[in-house]
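**Q** next come a sequence and a model predicted from it.
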Amino acid sequence: MTSLAVRTTGGSRQLAGTATLLRFALRRDRVMIPVWVGVNALMVLSMPNTLKNLYGTPAERTDLIHQVATNASFRALIGPVFDTSIGALTAWRVGVYAGALAAATSLMIVVRHTRDEEESGRQELVASGMVGRRASLTAALLAAGVANAVLALLVVAGLATQGAVGALAFGLGLTAVGMVFATMAAIVAQLTESARLARGLTAGVLGAAFVLRAAGDAAADDGSSALTWLSPLGWLENLRPYADERWWVLLLFAAAVALQAAVAYGLAGRRDVGMSFLPTRPGPPAGRLATAGALAWRLQRGSVLGWSIGFFLAGVVYGGLTDGVADLVGDNKNAREIFERMGGHSGLTDAFLASMVGMLGLIAALYVVASVLRLNGEETSGRAEPLLANAVGRLRWAAGHLTIAFGGSVLIMLLAGLGFAVGYGEEVGPILGACLVQVAAVWVVGGLAVLLYGVLPRAAMAAWGVAGAVLLIGWVGPALDVPQAVLDVSPFGHLPKLPGGGMEWGPVLILLLVSVALVAGGLAGLRRRDMTT
């Protein structure tokens, strides 16, 4: 009867409490949103000066467009170029990745404030007050909207010197991509009963969107492939900022957001809190979850599989690009210097391989943080309490998840190395070794996440800030030629540049020891502190 009464109330009643829930969501995300929006904005805004240094003359930029138009592999990786202006080159160079990062940020925000809240039981408590049936969903979408709007403002303000109209188109395009995936995550959150599955499914759609765009761009050099038009990331590049903008493309984004939001709101009004439309699979037979490690694997195996496939495919793609890098760089001294700062001075091919291996190492740091913080999610949701009330100690419980986190990072980097070997076809041993060396720095970032969770559980989400800062330093620092002291703030700055360079065991062993000390400190804190109640 109560459910029926709620359905018959007016629209304003359905949204009662939205403003309060929005303030609460923004307060909870006061670390995550600024970090990820800041990383995205700095990635975009650092690019114009870098491109000016790399391609300072119209002749150099024209030659770049010719090289990209004739190289299907680079179009698949980055996309086609539509104009020789610095603004157009900026949109080309970072558009796909900035759009994907905006999408990832948006889906995490929406799932966190919808399905995560229901899974933890907090949503049921909130719903018992004067809160409308669709207030939580609205607050989650508005929080994602705030994040994307701030990103758009930063991009428009920062790129206005390259042309205000193009900057506006680029900023709106990034916001539109983010909101497409925010509303998509809102639908998935209604369909599934697990926040983990909701994030995984939406991230899978994002991966499929990237693959469709890549396949379409490889097939056509002007973004006209049907596969490109099937992807929201393809819509972003076909908006063509700084290249005779196609404003009508924004209508595609608007239609997708409106349709998906309508579906999400319709589904939200037809289910009970905590329930889902897709049935939950029954658990495994007795005995298969007899240990804490088996349970951790059960909870994280989907994530490990997804990251493994992604890293292997990334290795194949980057390996396949290696033979063409010399043609793309050509005689451009500045481009060569950037690769050498990222990958060492051992020759352009080895420098490119080392820089790409380093990029995957930076991304692997995101995996280890997400996997470690699964402990925090299990604790705050109350699922850890029944386990720890039995004959399972805290350290044994944590060890299961940490084995998946740290062992999984080794697995995905190994698969990345195998992907490089498949794509490039040479230097199999050195490339595998280079990928495994990255694990030492990845483990330091993971160790910091363990320390924050174990000692300061309320600040555990700050581990995302650490990972974001490391990613920003490694990605943008070499292009801006920042001082070595800044690069050394990141653990990745102390690794030997492999393949091509000499192996230096000292820094690697020190990083491993530091990671062990950080993990030990975090576990000691976990053992002594009170668990969340």
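**A** Yep, it's here. Residues are numbered from 1 along each chain as shown.
**Q** which element is Trp92 on?
**A** With elements taken from DSSP states H and E, the one containing Trp92 is helix 86-112.
**Q** and the strands in the stretch 351-500 of the chain?
**A** If you assign secondary structure with DSSP state E, counting those that start in this stretch, the stretch 351-500 of the chain ends up with no strands.
**Q** output the below-cut-off pLDDT ranges for it.
**A** Low-confidence segments of the stretch 351-500 of the chain (pLDDT under 70): 477-482.
**Q** quick one: the helices in it?
**A** If DSSP state H, counting those that start in this stretch is used as the criterion, the helices of the stretch 351-500 of the chain fall at 374-380, 384-388, 394-424, 428-455, 462-480, 484-487.
**Q** elements contacting the helix holding Trp92?
**A** Contact analysis of helix 86-112 by 3 or more CB pairs under 8 Å, 6 or more residues apart in numbering; DSSP states H and E lists helix 32-45, helix 47-54, helix 58-69, helix 135-159, helix 164-191, helix 195-219, helix 232-238 as its packing neighbours. Heads up, the C-betas are built off the backbone N, CA and C, glycines and all.
**Q** out of those, flag the one nearest Asn390.
**A** Set against Asn390 and scored by CB to CB, these come closest in helix 195-219, at 22.8 Å.
**Q** let me know the angle separating the closest one from helix 164-191.
**A** In terms of direction (axes from the mean of the first three to the mean of the last three CA atoms, to 10 degrees), helix 195-219 departs from helix 164-191 by 140 degrees.
**Q** what average pLDDT does helix 195-219 get?
**A** Across helix 195-219, the average pLDDT comes to 83.
**Q** what residues of whichever helix or strand comes after it count as buried?
**A** Heading C-terminal from helix 195-219, the first helix or strand you meet, by DSSP H and E, is helix 226-229. For helix 226-229, burial by neighbour count (16 or more other CB atoms under 10 Å) applies to 227-229.
**Q** same deal with stretch 244-259?
**A** Using 16+ other CB under 10 Å, the residues of stretch 244-259 that count as buried are 245, 249-250, 252-253, 256-257.
**Q** so which of the helices and strands packed on helix 86-112 is nearest Gly525?
**A** Of all these, it is helix 32-45 that lies closest to Gly525, at 22.0 Å by CB to CB.
**Q** how big is the angle separating that closest one from helix 164-191?
**A** On the basis of the same axes, to 10 degrees, helix 32-45 is oriented at 140 degrees to helix 164-191.
**Q** helix 32-45: which residues count as buried?
**A** The neighbour-count criterion (16+ other CB under 10 Å) identifies 32-33, 35-45 as the buried residues of helix 32-45.
**Q** now the two most distant members of those residues.
**A** For the buried residues of helix 32-45, the farthest-apart pair by CB to CB is Met32 and Leu45; their separation is 20.2 Å.
**Q** what's the helix or strand for Trp297?
**A** When elements are defined using DSSP H and E, Trp297 is found to belong to helix 292-321.
**Q** show me what that helix is packed up against.
**A** With contacts taken as 3+ CB pairs under 8 Å, 6+ apart, helix 292-321 sits against helix 72-77, helix 195-219, helix 348-372, helix 374-380, helix 394-424.
**Q** okay, buried residues for that helix please.
**A** 292-293, 295-297, 299-300, 302-304, 306-308, 310-321.
**Q** do the same with stretch 521-533
**A** Across stretch 521-533, burial judged by 16+ other CB under 10 Å covers 521-523, 525-526.
**Q** which residues touch that stretch?
**A** Residues from elsewhere that reach stretch 521-533 (CB atoms under 8 Å, 6 or more residues apart in numbering): 379-380, 384-385, 388, 394-395, 398, 447, 450-457.
**Q** quick one: it to chain centroid distance?
**A** When C-alpha coordinates are averaged (CA atoms, centre = their mean, to the nearest Å), stretch 521-533 and its chain have centres 28 Å apart.
**Q** rounded mean pLDDT for that stretch, please.
**A** Taken as a whole, stretch 521-533 carries a mean pLDDT of 84.
**Q** dump the helices and strands packed on helix 86-112 to a markdown table, plus distance to Arg122.
**A** Formatted as a markdown table, the entries for these read as follows, by distance: least, CB to CB, whole Å:
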| stretch | distance to Arg122 |
| --- | --- |
| helix 32-45 | 17 |
| helix 47-54 | 40 |
| helix 58-69 | 49 |
| helix 135-159 | 10 |
| helix 164-191 | 14 |
| helix 195-219 | 12 |
| helix 232-238 | 31 |
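**Q** specify the local secondary structure of Ala16.
**A** Classification of Ala16 into helix, strand or coil gives coil, according to DSSP: H, G, I helix; E, B strand; the rest coil.
**Q** dihedrals phi and psi, it?
**A** Backbone torsions for Ala16, taken as degrees, to the nearest 10, come to phi -60, psi 130.
**Q** pretty sure it contacts Arg134?
**A** No. In this structure, Ala16 is not within contact of Arg134 by CB atoms under 8 Å, at 9.6 Å.
**Q** if we can go back for a sec, CSV for the helices of the stretch 351-500 of the chain, including distance to Ala354 and mean neighbour count?
**A** Formatted as CSV, the entries for the helices of the stretch 351-500 of the chain read as follows, by distance: least, CB to CB, whole Å; neighbours: other CB atoms under 10 Å:
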stretch, distance to Ala354, mean neighbour count
helix 374-380, 31, 21
helix 384-388, 41, 15
helix 394-424, 11, 21
helix 428-455, 6, 24
helix 462-480, 11, 20
helix 484-487, 14, 12
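**Q** re the thing from before, looking at the buried residues of helix 226-229, spot the one nearest Gly465.
**A** If you rank these by distance to Gly465 using CB to CB, Thr228 comes first, at 34.4 Å.
**Q** identify the residues contacting the residue nearest to that closest one when sequence neighbours are not counted.
**A** Here the nearest residue to Thr228 in space, its sequence neighbours aside, is Gly216; by CB to CB, 6 or more residues apart in numbering that works out to 3.1 Å. For Gly216, the contacting residues are 223, 225-231, 234, taking CB under 8 Å, 6+ apart as the criterion.
**Q** and with 10 Å instead?
**A** Listed by CB atoms under 10 Å, 6 or more residues apart in numbering, the contact partners of Gly216 are 75-76, 79-80, 223-231, 233-234, 237.
**Q** where are the low-confidence patches of the stretch 1-150 of the chain?
**A** Flagging of the stretch 1-150 of the chain using pLDDT under 70 yields the residue ranges 1-12, 120-121, 123-132.
**Q** if you set the cut-off to 90 instead, what comes out?
**A** When the per-residue scores of the stretch 1-150 of the chain are filtered using pLDDT under 90, the ranges that remain are 1-36, 38-39, 42-43, 46-81, 83-84, 92-94, 97, 108, 111-137.
**Q** just to revisit the earlier point, Throw the buried residues of helix 32-45 into CSV and include distance to Gln190, thanks.
**A** As requested, those are arranged in CSV below (distance: CB to CB, whole Å):
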residue, distance to Gln190
Met32, 23
Ile33, 23
Val35, 28
Trp36, 24
Val37, 26
Gly38, 31
Val39, 30
Asn40, 27
Ala41, 31
Leu42, 34
Met43, 32
Val44, 32
Leu45, 36
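**Q** out of those, which is nearest to Ala440?
**A** Nearest to Ala440 out of those is Val39 (CB to CB; 22.9 Å).
**Q** shouldn't the closest one be in contact with Gly465?
**A** Yes. Assessed by CB atoms under 10 Å, Val39 is found in contact with Gly465 at 9.5 Å.
**Q** list the contacts of Pro80.
**A** Pro80 sits next to 65, 68-69, 74, 92, 216-217, 220-225, 228, 237-238, 240 when contact means CB under 10 Å, 6+ apart.
**Q** in ChimeraX, how would I select the buried members of those residues?
**A** Taking 16+ other CB under 10 Å as the burial criterion, the selection of buried members of the contacts of Pro80 in ChimeraX is written as:
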select :65,68,74,92,216,217,221,223,225,228,237,238,240
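**Q** circling back: among the helices and strands packed on helix 292-321, which is nearest Pro430?
**A** Using CB to CB as the criterion, the shortest distance between Pro430 and these is 8.5 Å, found for helix 348-372.
**Q** which strands or helices does that closest one pack on?
**A** With contacts defined as 3 or more CB pairs under 10 Å, 6 or more residues apart in numbering; DSSP states H and E, the secondary structure elements packing on helix 348-372 are helix 292-321, helix 325-329, helix 333-343, helix 394-424, helix 428-455, helix 462-480, helix 505-528.
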